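Chemist: can you look at this prediction? I've put the sequence above it.
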Amino acid sequence: MMLKNLALSILLLFGLPGMARLAPVPPSAGGPAITILATNLADYPGGKVPRFSKFEVTFTLDTPYSNPFDPGEIKVDGYFTSPGNAASVQPGFYYQAYQVFRSGGLETYSPTGNPVWKVRFSPNQVGTYQYYLRAADRNGVSTTANYSFEVSPSGIGGFIRVSARNPRYFEFDNGNPFIGFGLNVAWWGDERQRLSTYEYYLSRMGEYKANLARVWMTNSGKDQSWILSIQDKKLGSDYNLEEAWAFDKILDLALQNGVYFLLTLDDVNQYTYNWPDNLYNSASGGPLSYRSAIFTDPQARKFQQRIFRYIVARWGYSANILSWELFNEIDELQWSDPENWNPQAVLDWHTEMADYLKAIDAHHHLVNTSTGSFKTHPDLYGLAQLAFAEIHFYYVSGCCSYAPSDPAGRDMADLTRYYSHLVYNSVTGKPSLIGEWGLLNENWLPSPFLVSDDQGVHLHNGLWSALMSGMAATGLSWHWDNHRSNDPAWWQHYRAISSYFNGVHIPNLTVMKPLNVDFSLPGGSDDRPDAFSSTNPHLRVMGLRSGNRVYAWVQNQDHTWWNYTHGIVVSPQSGTISIHDLTPGAQYIVETWDTYTTQQVVSQVIRTALADGSLLVNVASLRTDLAYKLRPVLVPRIFMPVIVD
C-alpha cells in the first residue's frame with residue numbers, strides 16, 4: 001500500500017505520459033480548513049465542462065470572519081492548470097443563496113441555507129484541468145489536495161477580444177467577429193422587479209438578434225434600490241449579496257439569449273448630484289473631503305480594488321461580459337469639482353485600476369471607460385490599459401453651444417456620423433463605439449418626440465449610421481423604456497441590421513468617404529477621393545470596404561425622425577449611385593437589402609464595373625433607405641494539362 005501511495009504521488013507530481021505536469025500544491029501552514037461541498041459538474045453531459053462554460057466549486061471554511069469581503073482578513077483563490085500547462089489564478093468569493101417569490105408582478109427575496117464560498121472559472125482548452133484551492137488568513141495558509149475536471153468541445157466562441165485581424169473591431173477567442181447590436185438596459189428601476197425587468201429585455205434582444213446591452217452598477221452610492229449596487233451600505237464590507245444573487249440570474253439570462261454586457265462598474269453621478277449620499281464622502285463616514293479625491297486617496301483606492309476583486313471573482317468567469325467599464329462619463333466630474341480637477345490624476349487612476357483588474361482577472365476581459373459632454377478624450381482613450389474608446393451624445397432640444405446637437409440632430413443619421421467620425425479619429429488601432437445616445441428635451445430628460453416616433457425612425461437611422469461610420473457596434477440607445485412601449489416596432493430594427501452584418505468581412509474593413517453629409521460639423525473636410533457619387537443630392541450614401549467587398553447604406557436624407565414626427569411629407573427619391581475605385585471590367589454580385597419590412601435580400605444581380613472602375617446602382621422611388629452588398633464574382637481557375645515532349 002505504501003508503494004502504491006508513493007507511485008500515485010509521483011504521478012500527481014510529474015503526470016502520466018502526455019499529461020501536463022501539475023505544479024505541486026504548496027503545504028498548508030495553519031490556515032482555515034477548506035471543506036469542498038460540491039461542484040457543478042453534474043450540470044453537464046458526462047460530467048464534462050463545455051469549453052468556455054462555468055466550472056464552479058462550492059466549499060466552506062472552518063473559521064468565521066467579521067468581514068469575509070476583506071482579502072486582508074481572508075483571501076481565497078483557485079489555482080488552475082490547463083492541459084497545455086498554463087497556470088491561472090481566479091479569486092474566490094463569499095456567497096449567500098436566495099429564493100425569489102413572485103406575486104402581482106413583484107419579487108421578494110429570502111435567503112436559503114448558510115453562506116458558503118465559491119470559485120468560478122471558465123476553461124479555454126479541451127482536456128484535463130487540474131486545480132486546488134488556497135485560503136490565507138492571519139493564522140496562516142491552507143490548501144486542498146489537487147482535483148481535476150474534464151473539458152469537452154463546445155460551440156461557444158469564447159471571450160471577446162480586440163480583433164487580431166482588424167483592431168478597429170472585436171472578435172471572439174475562436175476568431176469569429178463580434179459586431180454589437182444593442183442598447184442600454186442600465187438598471188431595473190424597482191428592486192421588486194429585478195429579474196422580470198431583465199427577463200423582458202434580454203428575451204426581446206434574443207428574439208430580435210440584438211446582442212449587446214450596457215448594464216450599470218453603482219458601487220459608491222448609499223442604499224441604491226433602483227440599480228445593481230453591491231457596495232451600497234458600507235465601504236469594503238457588508239456587500240449586497242441579495243442583489244449579487246439576482247445578477248447571477250440575469251447573467252444566466254444573457255447567456256441563454258446570446259447577449260453580451262458592457263458592464264459599467266460605477267457612475268459619475270454618484271460624485272455629482274448624489275455626492276451627499278456617496279459612501280466615499282467624509283460627511284457619510286468615508287475618506288474623501290472632496291469629490292475628485294476619488295482618484296488620489298489611498299484608502300479610496302483600497303476600497304475600489306476590494307469591490308473590483310469581488311466583481312471579478314463572482315462574474316469574471318463569464319464570456320458574456322464584453323468589458324469592465326470603470327466609470328460612466330467620468331469626465332463629467334470636472335464640472336462639479338473644478339477647483340480640484342486634475343486630468344493627470346484621472347489618467348493615473350484609470351491606469352492603476354485597469355492594471356489591477358488585468359492582474360486579478362484570469363479570463364482577461366477588456367477594460368474601458370466612458371466619457372460624456374459630447375467630447376472625445378484621446379489621452380484617456382489612448383491609454384494602453386484601455387481597450388477601446390467610448391463616447392456619449394444626444395440630441396438635446398435647444399442645445400448646445402459647445403457641440404452640435406440641435407438642429408443638427410434633427411437628422412440623426414448625420415449627427416451620429418459626426419460623433420462616430422469624432423471618436424473614430426480620437427484613437428489609432430482601437431475599436432470605438434457610442435455607448436449612449438438618444439433624444440432629450442431642453443431639461444435633459446426624455447424627449448416627448450420619443451412617443452411620437454412610434455416607428456423608431458431616429459433609432460433606425462442612428463443604428464445604421466454608426467456601423468457604416470466605422471463603429472465596432474451600433475450606438476447603444478439610452479431609451480430602453482421606449483423599446484418596451486413601442487414593442488415590436490422599435491425592436492425590429494435590430495433584426496434587420498444584424499441580418500445584414502452577419503458575415504461581413506472584417507479583415508481590412510475600413511470607412512469609406514460618405515456622400516451628402518454635412519462635413520462642416522467635424523470642423524474639417526474629408527480630403528479623401530470620392531468613394532461614391534450620385535445623380536441625386538437627396539440620396540445619402542455611407543459605407544465600409546474590405547478590399548473589393550463594399551457594404552453601402554443608401555438613405556433618402558429627408559426621411560428623418562423630425563420630419564416623421566412633424567408630419568412632413570417625404571418625397572421618394574430616385575437616382576444612380578456610382579461606387580468608385582473597383583476593378584475595371586470585373587463582375588460583381590450586387591445584393592439589395594430591405595432594411596424595414598422584409599429585412600432581407602430582395603434582389604441579387606451581377607453588374608460589371610466600367611472602364612473607370614465605377615459600378616452603377618440604380619435607386620428608384622426610395623422613401624426610406626436600402627443597403628447593398630457588393631462582392632466580386634469568383635472566376636473558376638482552369639488548369640490545362642501540361643504536355644511534355
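Modeler: Arrived safely, thanks for sending.
Chemist: and stretch 172-188, end to end?
Modeler: Terminal residues of stretch 172-188 are spaced 29 Å apart (Cα to Cα, to the nearest Å).
Chemist: again with stretch 407-416
Modeler: 13 Å.
Chemist: please apply the same query to stretch 334-341.
Modeler: 6 Å.
Chemist: show me how far stretch 213-233 is from its chain's centre.
Modeler: Put simply, stretch 213-233 sits 18 Å off its chain's centre (Cα atoms, centre = their mean, to the nearest Å).
Chemist: can you name the residues bridging to the closest residue to Met468 other than its chain neighbours?
Modeler: Nearest residue to Met468 in three dimensions, chain neighbours excluded: Met542, at 3.8 Å (Cβ to Cβ, 6 or more residues apart in numbering). C-beta here means a position set from N, CA and C on the backbone, and glycine is covered the same way. In this structure, Met542 bridges to Trp553 when assessed by DSSP bridges.
Chemist: can you give me the pLDDT of Met542?
Modeler: For Met542, the model assigns a pLDDT of 98.
Chemist: can you check Gly31 too?
Modeler: The predicted local confidence for Gly31 comes out at a pLDDT of 88.
Chemist: my guess is it meets Thr144, correct?
Modeler: No. Gly31 is beyond contact range of Thr144, at 11.0 Å (criterion: Cβ atoms under 8 Å).
Chemist: list the contacts for the residue nearest to Met468?
Modeler: Residues in contact with Met542, defined by Cβ atoms under 8 Å, 6 or more residues apart in numbering, are 413, 417, 464-465, 468-469, 512, 514-515, 517, 552-553, 555.
Chemist: can you check Arg314 too?
Modeler: Residues in contact with Arg314 (Cβ under 8 Å, 6+ apart) are 93, 95, 118, 120, 244, 248.
Chemist: give me the subset of the residues you listed lying in strands.
Modeler: 93, 95, 118, 120 (DSSP state E).
Chemist: the second one pairs with what?
Modeler: This points to Tyr95. When bridges are called by DSSP bridges, Tyr95 pairs up with Val116.
Chemist: buried ones in stretch 145-157, by neighbour count?
Modeler: Of the residues in stretch 145-157, 146, 149-152, 154, 156-157 count as buried by neighbour count, 16 or more other Cβ atoms under 10 Å.
Chemist: which one of those residues is nearest to Asn124?
Modeler: Asn124 has its nearest neighbour among those in Val151, at 8.6 Å by Cβ to Cβ.
Chemist: host element of the closest one?
Modeler: Element membership of Val151 [criterion: DSSP states H and E] is strand 147-152.
Chemist: mean confidence (pLDDT) on that strand, please.
Modeler: Confidence for strand 147-152, expressed as mean pLDDT, is 98.
Chemist: neighbouring strands of that strand in the sheet, and parallel or not?
Modeler: Pairing partners of strand 147-152, with direction, according to DSSP bridges: strand 49-50 (parallel), strand 127-137 (antiparallel).
Chemist: nearest to Gln299, of those?
Modeler: Using Cβ to Cβ and comparing the strands paired with strand 147-152, the one that lies nearest Gln299 is strand 127-137, at 21.9 Å.
Chemist: gap between that closest one and the chain center?
Modeler: On the basis of Cα atoms, centre = their mean, the separation between the geometric centre of strand 127-137 and that of its chain is 30 Å.
Chemist: any buried residues in that strand, and which?
Modeler: Using 16+ other Cβ under 10 Å as the test for burial, strand 127-137 gives 128-137.
Chemist: any idea how far Gly435 is from the nearest residue to Glu329 once chain neighbours are set aside?
Modeler: By the measure of Cβ to Cβ, 6+ apart, the closest residue to Glu329 outside its immediate chain neighbours is Gly372, 3.5 Å from it. In this view, Gly372 and Gly435 are 9 Å apart by Cβ to Cβ, to the nearest Å.
Chemist: which of the two has more neighbours?
Modeler: The neighbour comparison of Gly372 against Gly435 (other Cβ atoms under 10 Å) goes to Gly435, with 26 against 19.
Chemist: next, that one: secondary structure please.
Modeler: Here Gly435 is strand, with the state taken from DSSP: H, G, I helix; E, B strand; the rest coil.
Chemist: picking that back up, so which of the strands paired with strand 147-152 gets nearest Val25?
Modeler: When the strands paired with strand 147-152 are ranked by proximity to Val25, the top entry is strand 127-137, at 5.0 Å, counting by Cβ to Cβ.
Chemist: what average pLDDT does that closest one get?
Modeler: Rounded mean pLDDT across strand 127-137 is 97.
Chemist: could I have it exported to PDB, CA atoms only?
Modeler: Coordinates of each C-alpha in strand 127-137 appear next as PDB, following Å, rounded to 0.1, in the frame of the first residue of the first chain:
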ATOM      1  CA  GLY A 127      -8.800  18.300 -22.000                       C
ATOM      2  CA  THR A 128      -8.000  17.700 -18.300                       C
ATOM      3  CA  TYR A 129      -7.700  20.700 -16.000                       C
ATOM      4  CA  GLN A 130      -6.100  20.400 -12.500                       C
ATOM      5  CA  TYR A 131      -6.900  22.700  -9.700                       C
ATOM      6  CA  TYR A 132      -6.600  23.300  -6.000                       C
ATOM      7  CA  LEU A 133      -7.900  25.900  -3.600                       C
ATOM      8  CA  ARG A 134      -5.900  28.100  -1.300                       C
ATOM      9  CA  ALA A 135      -7.100  30.200   1.700                       C
ATOM     10  CA  ALA A 136      -5.000  32.600   3.600                       C
ATOM     11  CA  ASP A 137      -5.900  34.500   6.900                       C
END
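Chemist: past it, which element shows up next along the chain?
Modeler: Next element after strand 127-137 (DSSP H and E): strand 140-143.
Chemist: what comes up buried for the helix or strand where Val57 lies?
Modeler: For Val57, the enclosing helix or strand under DSSP H and E is strand 55-61. Of the residues in strand 55-61, those scored as buried under the neighbour-count criterion (16+ other Cβ under 10 Å) are 55-59, 61.
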